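Novice: Got a predicted structure here, sequence first:
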Amino acid sequence: MLQVPEHSDYFALFEMPRKLWIEMGALEQKFLQLSWKLHPDNFVNATPEEREISLKRSSELNDAYRTLRDPVGRVEYLLAIEGARIEGQNKQQAPPELLEEVFELNESLDELREARDSGSDVASLKQRLEMAEKNFQEKLQEVDGQLQSAAKDWDKGMEGNFGAGARRTAMAGLNELLNRRSYIRNLVVNVQKELL
Amino acid sequence: MPRIVGIDLGTTNSLVAYVDPQTGAPKCIPGPTGSTLCPSVVSLDPDGSIIVGQPAQRRLLTQPERTIYSVKRLMGRGPADVQGELRLFPFRIDPASKNVIRVQLGDKVLTPPEISSFILRELKHWAEAYFTEAVDRAVITVPAYFNDAQRQATKDAGRLAGLEVLRLVNEPTAAALAYGLHEKQRGKVAVYDLGGGTFDISVLKLISTVEGDIYQVLSTNGDTHLGGDDIDNLLQAFVHEHILQHDQIDFSPHGEVAQELRRALIDVKHRLSDADAATLRFPLPNGKVFTREFTRGELEALIRPIVDRTMAPVKQALADAQLKPKEIDEIVLVGGTTRTPLIRRTVQEYFDRKPHTELNPDEVVALGAAVQANILDRGVKNMLLLDVIPLSLGIETYGGAVAKVIPRNATIPASAQELYTTGVDNQTGIDIHVLQGERELAKDCRSLARFTLRVPPAPAGLPRIEVKFLIDANGILQVGAKDIRTGEEHMVEVQPSYGLKDADIERMLEESIEYAEQDFTERQVIEARTESESILTATAKALKNPRAETLDAKERASVESSVLALQEAVKGSDYKSIRKKIDDLNHATGHLAELLMNSAVQSALEGKKLAEV
């Protein structure tokens, strides 16, 4: 276990640069290799201190693998360790360009709830919501696409000469996309809940 | 170092297994009757002794109020959780039960972990008799879908049985280990495990690396209250209803007659796994015999809803592993209930592949537990098991919502950190409620624990307490807290919502002495002393016999010195030394024994020990 040095962050643990495109096969291989060394199964007959360390280090390894494997989780983590993750001030506040659509959606949701309470027909309302859900699913895909290309830009910057200003701008861009994504995702989840 | 055994603590049957160091193959240990299956039935005799296994099973018919089966269904659950079970199972829950269920068994009130500990003790004794050495460490299997409380309850049962539980292993994972070793399988494997009371589905990836084989669980799902028991309940309700209508006999659903009917129906169910039809002949209390033929088709129509209920978890597990049915390379069937042809057919159709059934579905989980025990014990370095947490871990937030901190199917050990602060000046505590489950609201999830973080008085928002939630390799939660400002770390005393507190266990351990349970060494010493007494008495008597006169002086001296040595050894408590001296004395008195025998029967008694003459 002592052969595996402790690292300050997940990227360092996997001996990878802080880049957002990760080759999954290499990540998995490294994960399995480290698992052999750190897993608590190896330390059943060891001292309580060693068992404690193995538990801590192997949980860190698993947390790291879980985070880096997930494309969105990876961006969030990168921003967090760079000190650039700022969650939306008000998660309930819609991005300006979505205001109109969100307003309509909320109206439809209210109507559906009212119709349910009064026992009237909900089929057409449901249909309208399904349309809206589809619309926001598409927006979610759109954001994911934007996030991907922003991630590529980040990697390019990391490979070349990333000026401090450009680096800050890139992170702010990623941060905004993450907030936008989480807002839209919440909308989709809420609609799906009503449609169940 | 004493051996570590693998134990399958099942709803219907329990087993204990070990890995034979010579062959490297896992093997189940038989009990006194020669069977490797110990029915998970516990009976409390009026004299206070505990009876487990087959003899207890017979008492289900004669003393049902002193006997309990399927106690696994109650593990880690609160009284409110089991109301549904009470209609179907003869559990007599103590109405005074609060968070932990207490069951009335004869004149005693016991918790499920205590009752399970009797089963574990029985298996411990089987293993000790088999190895003739003490066994005090074990790997115990649990359904993959068991939550934290159910796991903790199982661990508590081990502790109460005098076993250090080195690891809880998920049953389907254990089965995969046993199969992997047996079949040298590779690729993606789905394990469908339908036991007596629980259903699990696990999807694994078997990977060969230069260091050895890795069994990585990708996803798991299930239902901890779905199994063969439910089939039996359906059959029982069906026939009970029939008898009520046609014979106007209504017997208590939990009395002796019901138990006999249940056993007869289980027999019919088993026969229908091979035959197309089976006849139930059941003597009714009014002297008539209820006779009815069941066809397999009829049974299948009756149990189809149960089989269908297993498919939703199967689909979810595949979705979580991001795999389609056709991407699964192998399917393994585990649990006695998978002998049912309808289940085999349903699984085969869904995956479009013939499932593996080569290993005995009753034994395979115990065999896998033995493999894991061997990995832990002998430090087997060429196999590694990476398992997952079956249900997401979450924290209650404002408005009764749940914030997930560790998602389901995360590889364990796993952890998450959350930062807490105060909302008002000089607040000294922050209440934290930990939950497990997939639902969005706290009230729909399983409450694991509530605790209060102690905070030094300070202006609101100034304290920074980092709470670390850690799921260990057993799938059990630990909580630690760190004051970011002072760097001070401490473990948080977590009050389990549905579990025994440490103090409860200590008290139970003390009380368990009243069940006249000695540890292995003590029992050995007592047995050796008893045997010494009888051989010493026999020797003294023999030396006074006139025929002993012909013994020569050297032989007499040898007998006498062996007697002295044994008398000395008995004063100590080293049973191995006592046994050695018994053997010595037996050896020294060989000729004396011959002299005492009537020459006519001498040949028949050749080789007998003195105490047996």
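Specialist: Right, received. Where do you want to start?
Novice: Taking the stretch 201-350 of chain B, what residue is nearest to chain A?
Specialist: Residue nearest to chain A within the stretch 201-350 of chain B: B:Glu211 (4.7 Å; Cβ to the nearest Cβ). For every residue, glycine as well, the C-beta is placed using N, CA and C.
Novice: how about the nearest residue to that residue, chain neighbours excluded?
Specialist: A:Trp36 (4.7 Å; Cβ to Cβ, 6 or more residues apart in numbering or on different chains).
Novice: how about the helices in chain A?
Specialist: Under the criterion DSSP state H, helices of chain A are mapped to A:10-13, A:24-38, A:48-69, A:71-81, A:99-118, A:123-159, A:164-195.
Novice: Spatially, what comes nearest to whatever residue of the stretch 401-550 of chain B ends up closest to chain A if we skip its sequence neighbours?
Specialist: The nearest approach of the stretch 401-550 of chain B to chain A comes at B:Pro413, 3.8 Å away (Cβ to the nearest Cβ). Leaving aside its sequence neighbours, B:Pro413 sits nearest to A:Ser59 (Cβ to Cβ, 6+ apart; 3.8 Å).
Novice: measure that neighbour to A:Leu27 for me?
Specialist: Distance, A:Ser59 to A:Leu27, using Cβ to Cβ, to the nearest Å: 18 Å.
Novice: Closest residue of chain A to chain B?
Specialist: Closest approach between chain A and chain B, counting by Cβ to the nearest Cβ: A:Ser59, at 3.8 Å.
Novice: which ones are touching that residue?
Specialist: B:Ile412, B:Pro413, B:Ala414, B:Ser415, B:Leu470, B:Ile471 (Cβ atoms under 8 Å, 6 or more residues apart in numbering or on different chains).
Novice: For the fifth one, name its beta-bridge partners.
Specialist: Here B:Leu470 sits in beta bridges with B:Ser415, B:Gln478, as judged by DSSP bridges.
Novice: State the mean pLDDT of stretch B:41-58.
Specialist: Mean pLDDT, stretch B:41-58: 90.
Novice: Kindly report the same for stretch B:94-109.
Specialist: Throughout stretch B:94-109, pLDDT has a mean value of 83.
Novice: Give me the contact list for it.
Specialist: Contacts of stretch B:94-109 from elsewhere in the structure, counted by Cβ under 8 Å, 6+ apart, are B:42, B:44, B:46, B:63, B:65-68, B:71, B:74, B:77-79, B:82, B:91-93, B:110-112, B:115, B:496-500, B:504.
Novice: interface residues of chain A facing chain B?
Specialist: A:32-33, A:35-36, A:39-42, A:44-45, A:55-56, A:58-60, A:62-63, A:65-66, A:193 (Cβ under 8 Å from any Cβ of the partner chain).
Novice: Filter those down to the buried ones.
Specialist: A:32, A:35-36, A:39-42, A:44, A:55-56, A:58-60, A:62-63, A:65-66 (16 or more other Cβ atoms under 10 Å in any protein chain shown).
Novice: and residue 147, what pLDDT?
Specialist: Let's take chain A. For A:Leu147, the model assigns a pLDDT of 89.
Novice: nope, chain B please
Specialist: Listed pLDDT for B:Asn147 reads 88.
Novice: Correct me if wrong: it contacts B:Cys445.
Specialist: No - with contact defined as Cβ atoms under 8 Å, B:Asn147 does not reach B:Cys445; the gap is 9.7 Å.
Novice: which neighbours do these two share?
Specialist: Listed contacts common to B:Asn147 and B:Cys445 are B:Gln436, B:Gly437; contacts here mean Cβ under 8 Å, 6+ apart.
Novice: picking up where we left off before, output the contacts of A:Ser59 as CSV; include the columns pLDDT and neighbour count.
Specialist: Putting the contacts of A:Ser59 into CSV (pLDDT from 0 to 100; neighbours: other Cβ atoms under 10 Å in any protein chain shown) gives the following:
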residue, pLDDT, neighbour count
B:Ile412, 93, 24
B:Pro413, 95, 27
B:Ala414, 96, 26
B:Ser415, 94, 23
B:Leu470, 93, 21
B:Ile471, 93, 24
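Novice: Serialize those to a markdown table and add fields for distance to B:Gln436.
Specialist: A markdown table is the format used below for the contacts of A:Ser59 (distance: Cβ to Cβ, whole Å):
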| residue | distance to B:Gln436 |
| --- | --- |
| B:Ile412 | 13 |
| B:Pro413 | 16 |
| B:Ala414 | 13 |
| B:Ser415 | 15 |
| B:Leu470 | 14 |
| B:Ile471 | 10 |
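Novice: which helices and strands sit right next to the strand or helix carrying B:Arg263?
Specialist: Following DSSP states H and E, one finds B:Arg263 within helix B:256-271. Packing partners of helix B:256-271 (3 or more Cβ pairs under 8 Å, 6 or more residues apart in numbering or on different chains; DSSP states H and E): helix B:54-62, helix B:228-247, strand B:277-283.
Novice: Now render these as TSV, adding distance to chain A.
Specialist: Output for the helices and strands packed on helix B:256-271, formatted as TSV (distance: least, Cβ to the nearest Cβ, whole Å):
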stretch	distance to chain A
helix B:54-62	33
helix B:228-247	26
strand B:277-283	43
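Novice: quick one: contacts of the helix or strand bottoming out on mean pLDDT in chain A?
Specialist: Lowest mean confidence among the helices and strands of chain A (mean pLDDT, DSSP states H and E): helix A:99-118, at a mean of 81. Helix A:99-118 has contacts (Cβ under 8 Å, 6+ apart) with A:94, A:121-122, A:125-126, A:128-129, A:132, A:135-136, A:187, A:190-191, A:194.
Novice: Quick check: buried residues in the helix holding B:Arg263?
Specialist: Across helix B:256-271, burial judged by 16+ other Cβ under 10 Å covers B:Glu256, B:Val257, B:Ala258, B:Gln259, B:Leu261, B:Arg262, B:Ala264, B:Leu265, B:Ile266, B:Val268, B:Lys269.
Novice: State the pair within the residues you listed that is farthest apart.
Specialist: Farthest pair in the buried residues of helix B:256-271 (Cβ to Cβ) is B:Glu256 and B:Lys269. Separation: 20.3 Å.
Novice: which bits of chain B sit near chain A?
Specialist: Contact residues (Cβ under 8 Å from any Cβ) of chain B with chain A: B:1, B:166-167, B:207, B:209, B:211-212, B:214, B:216, B:375-377, B:379, B:381, B:384-386, B:407, B:410-416, B:440, B:470-473.
Novice: Tell me where the stretch 501-613 of chain B has helices.
Specialist: Counting by DSSP state H, counting those that start in this stretch, the stretch 501-613 of chain B has helices at residues B:502-511, B:520-544, B:553-571, B:575-588, B:590-596, B:599-605.
Novice: The fourth one - what's its average pLDDT?
Specialist: What helix B:575-588 shows for mean pLDDT is 87.
Novice: returning to that earlier point: write a PyMOL command that selects only the buried members of the contacts of helix A:99-118.
Specialist: A single PyMOL command is used to select the members of those judged buried by 16+ other Cβ under 10 Å:
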select buried, chain A and resi 94+122+125+128+129+132+135+136+187+191+194
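Novice: Would you mind checking the residues of chain B next to chain A for buried ones?
Specialist: The buried subset of the residues of chain B next to chain A - by 16+ other Cβ under 10 Å - is B:166-167, B:207, B:214, B:216, B:375-377, B:384-386, B:407, B:410-416, B:470-473.
Novice: quick revisit: am I right that the residue of the stretch 401-550 of chain B closest to chain A is in contact with B:Asp472?
Specialist: Yes - using Cβ under 8 Å, B:Pro413 is in contact with B:Asp472, at 5.4 Å.
Novice: Please enumerate the shared neighbours of those two.
Specialist: With Cβ under 8 Å, 6+ apart, B:Pro413 and B:Asp472 have common neighbours A:Pro40, A:Leu55.
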